[in-house]
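Asks: structural data only, the sequence is not supplied:
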């Protein structure tokens, strides 16, 4: 009887590491997903603030060209992040024809 209890407890103890590992792995994946959403939100907010005073397509492209030529890394980095990860977020502040033009202008991410 005593031997059965000890072997059962050891078996449960050996499984607890695997169960804990699975829970930690799931939490790490959820954390990565959350951080990606937050990174995209921050990039979107920077770009929407940059383009809030631009009324037409020409102004949007000019503002992006100014940001690139002056080396404003917050703007260009945010555009790169949005273009590489979620172009559809840009559609709420830039029309569809300009999204492709803007994404073609920004540097690609080999940083």
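Replies: Thanks, I have the structure now. On a predicted model such as this, the values are computed, not experimentally measured, just so you know. Numbers count the residues shown, from 1 in each chain.

Asks: so who does the residue most central in space within the chain touch?
Replies: Nearest residue to the geometric centre of the chain (C-alpha atoms, centre = their mean): residue 36, 3.2 Å. Residues near residue 36 by C-beta atoms under 8 Å, 6 or more residues apart in numbering: residue 85. For every residue, glycine as well, the C-beta is placed using N, CA and C.

Asks: equivalent analysis for residue 51, please.
Replies: Listed by C-beta under 8 Å, 6+ apart, the contact set of residue 51 reads 60, 63, 93-94.

Asks: which of those residues has the most neighbours?
Replies: Within the contacts of residue 51, residue 94 tops the neighbour count with 24 neighbours, counted by other C-beta atoms under 10 Å.

Asks: residue boundaries of the strands in the chain?
Replies: Applying DSSP state E to the chain gives no strands.

Asks: where are the low-confidence patches of it?
Replies: 1, 109-111 (pLDDT under 70).

Asks: make it 80
Replies: 1, 54-55, 107-111 (pLDDT under 80).

Asks: what's the span of stretch 43-62 from first residue to last?
Replies: 19 Å (C-alpha to C-alpha, to the nearest Å).

Asks: and that stretch, what's buried?
Replies: 43-44, 46-47, 50-51, 54, 60-61 (16 or more other C-beta atoms under 10 Å).

Asks: do stretch 100-111 as well
Replies: 102-103, 106.

Asks: next step: the residues you listed restricted to helices.
Replies: Residues of those located in helices (DSSP state H): 102-103.

Asks: and the contacts of stretch 75-92?
Replies: Taking C-beta under 8 Å, 6+ apart as the rule, stretch 75-92 contacts 36, 39-40, 42-44, 46-47, 50, 64, 67-68, 99, 102-103, 106-109.

Asks: sorry, back to before: the buried residues of stretch 100-111 into JSON lines, with extra columns for distance to residue 18?
Replies: Shown next, in JSON lines, are these (distance: C-beta to C-beta, whole Å):
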{"residue": "102", "distance to residue 18": "48"}
{"residue": "103", "distance to residue 18": "44"}
{"residue": "106", "distance to residue 18": "45"}
